[in-house]
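Visitor: Build the 3D model from these lines:
(one chain, ligands or ions: 1)
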Amino acid sequence: MKINRVKTKNYSILIGENSLSKLKSEVKSLCPKCRKIAIIFDRNIPNKFLVKIKKNLKKYKVFVFYIKSSEKVKNLNKISYFINKLLQLNFNRSDLVIGVGGGIVGDMSGFISSIYKRGINFINLPSTLLSQVDSCIGGKTGINSNYGKNLIGSFYNPKIVISETKFLKSLPKREIVCGYAEVLKHSIIKDKNFFNFLKKNTKKILSLENKTLTTSIKKSCQIKLNFTEKDFKEKNFRMILNFGHTFAHALEIQNKYSNRLNHGEAVLVGMIIATRISKYKKICSTNTLFQIEKIFQENLLLKSLKKYLNKNEILKSIKFMANDKKKDDEKINLIFLKKIGQTTLPGKHKFKISQIRDLINKLF
Ligand SMILES: NC(=O)c1ccc[n+]([C@@H]2O[C@H](COP(=O)([O-])OP(=O)(O)OC[C@H]3O[C@@H](n4cnc5c(N)ncnc54)[C@H](O)[C@@H]3O)[C@@H](O)[C@H]2O)c1
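Guide: Numbers count the residues shown, from 1 in each chain. From the prediction side, this is the model:
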């Protein structure tokens, strides 16, 4: 099976079955002075992958740190714990941290790497669909605080990302849907052809058919890169990636980040709300909304989520939009859909919470 390579300005992303076999040669060429490697490994990944990774890194001193990932451990205490471990083991900048896990491990290990001795080599091995299509791209690292999600962080690029699709075989179906939500979002905001591809192939992606899956991961990375490379520090253009997310974040907070509604599910609901408002405000056509709702229906994407599209649920969550860190003044910056493949620009549609409440009251 061919391994795909997507090149960004600063690093490559390898995608596909057996891409992990490239780890040894990539470490050798990208980190030539490395002697020690710290692997931060998500406990839920089958151990056979760790065995394989270690086999590829025999010539280095390898230290493994297991992590039971959850939003609760994505905090400063845990970062401090890892940094102290690296200090005790006398890691220096030419050594290497490898994160093996989903977006949580990626965000944490990237953050550790960015602040340890002002920057140590970092390699990301994303192991969830969400992390392969979304969080491994764009250089954002970060952790949560008592004041909210991802409020502490940095922009820091890995030396390479290796998206081994075999990782996904042990991933719960719900997590696959969560990653698919971002794939679908990428098509909706940027690429009509890719959306048409998803119309035909979503079932294959959700059942992890390798060729379709690899094509979709690659396409998703390219679309996200198109935004992040033009606006690395999220000053403006990159906010288009936030389509559906302002509603999603509010619903997640309203549900106390509980397991009842995970991030990808909230994004699915958020995209429907944003598209319905787009249609109501005549920014997109009825047909655009119809096409999006159809792909949701055909793949049962809202099956267990209908209650979050209930007027009262949405209204209860709206007050939490004020916490959104992408907000630059008292108003909420919303991204709407013009047509499949094109959104409005950031800053074009800003609303007070009371105006959003009125819209939801009229629409739902
Ligand atoms: N940096 C960014 O640009 C960016 C973008 C989007 C999301 N994020 C962050 O990513 C996080 C969400 O990422 P996620 O959805 O990957 O969640 P996650 O890291 O919590 O992984 C989801 C679940 O899958 C398990 N898991 C991971 N790999 C597995 C495998 N191969 N087999 C079986 N189980 C496995 C994990 O233990 C966890 O229970 C959030 O914290 C979010 O803030 C960051």
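Visitor: what's the spacing between the residue lying closest to Lys352 once chain neighbours are set aside and the ligand?
Guide: Leaving aside its sequence neighbours, Lys352 sits nearest to Lys331 (CB to CB, 6 or more residues apart in numbering; 5.8 Å). To be clear about C-beta, it is placed using only N, CA and C from the backbone, and glycine gets the same treatment. Per CB to the nearest ligand atom, to the nearest Å, Lys331 is found 24 Å from the ligand.
Visitor: Would you tell me which residues of the stretch 101-250 of the chain are close to the ligand?
Guide: Within reach of the ligand by CB under 6 Å from any ligand atom, the stretch 101-250 of the chain has these residues: 101-105, 107, 127-128, 130-131, 134-135, 138, 140, 149-150, 167, 170-171, 175, 178.
Visitor: what's the domain layout of this protein?
Guide: In terms of domains, the chain is parsed into 4-170, 173-363 (source: automatic domain parsing).
Visitor: Helices along the stretch 51-200 of the chain, start to end?
Guide: Under the criterion DSSP state H, counting those that start in this stretch, helices of the stretch 51-200 of the chain are mapped to 76-88, 103-115, 129-130, 173-190, 192-206.
Visitor: distance between the shortest one and the chain's centre?
Guide: Put plainly, it is helix 129-130. On the basis of CA atoms, centre = their mean, to the nearest Å, helix 129-130 sits 7 Å off its chain's mean C-alpha point.
Visitor: ok, residues contacting that helix?
Guide: Contacts to helix 129-130, defined as CB atoms under 8 Å, 6 or more residues apart in numbering, come from residues 102-103, 168, 171, 175-176, 178-180, 182-183, 217, 263-264.
Visitor: farthest pair in those?
Guide: Ile217 and His263 (18.0 Å; CB to CB).
Visitor: For Leu289, give me its contacts.
Guide: By CB under 8 Å, 6+ apart, the neighbours of Leu289 are 275-276, 278-279.
Visitor: try Asp107
Guide: 74, 135, 140-143, 150, 153 are the contacts of Asp107 under CB under 8 Å, 6+ apart.
Visitor: Do you know the pLDDT at the closest residue to the ligand within the stretch 151-300 of the chain?
Guide: Using CB to the nearest ligand atom, Ser170 is the residue of the stretch 151-300 of the chain that sits closest to the ligand, at 3.7 Å. With respect to pLDDT, Ser170 scores 98.
Visitor: so it makes contact with Arg43?
Guide: No - here Ser170 lies out of contact with Arg43, judged by CB atoms under 8 Å, at a distance of 11.9 Å.
Visitor: which regions of the chain sit below the pLDDT cut-off?
Guide: Within the chain, the ranges that satisfy pLDDT under 70 run 1, 323-329.
Visitor: where exactly do the strands run in it?
Guide: 4-7, 12-16, 36-42, 61-67, 96-101, 121-126, 140-145, 148-155, 160-164, 332-333, 337-339, 342-343, 350-351 (DSSP state E).
Visitor: burial measure for Ala181, as a count.
Guide: Ala181: 27 surrounding residues under other CB atoms under 10 Å.
Visitor: where's it relative to Asn262, distance?
Guide: 10 Å (CB to CB, to the nearest Å).
Visitor: Of the strands of the chain, which is nearest Thr286?
Guide: Proximity to Thr286, assessed across those by CB to CB, is greatest for strand 337-339 (11.8 Å).
Visitor: by contact count, what packs against the closest one?
Guide: Under the contact criterion of 3 or more CB pairs under 8 Å, 6 or more residues apart in numbering; DSSP states H and E, strand 337-339 touches helix 263-280.
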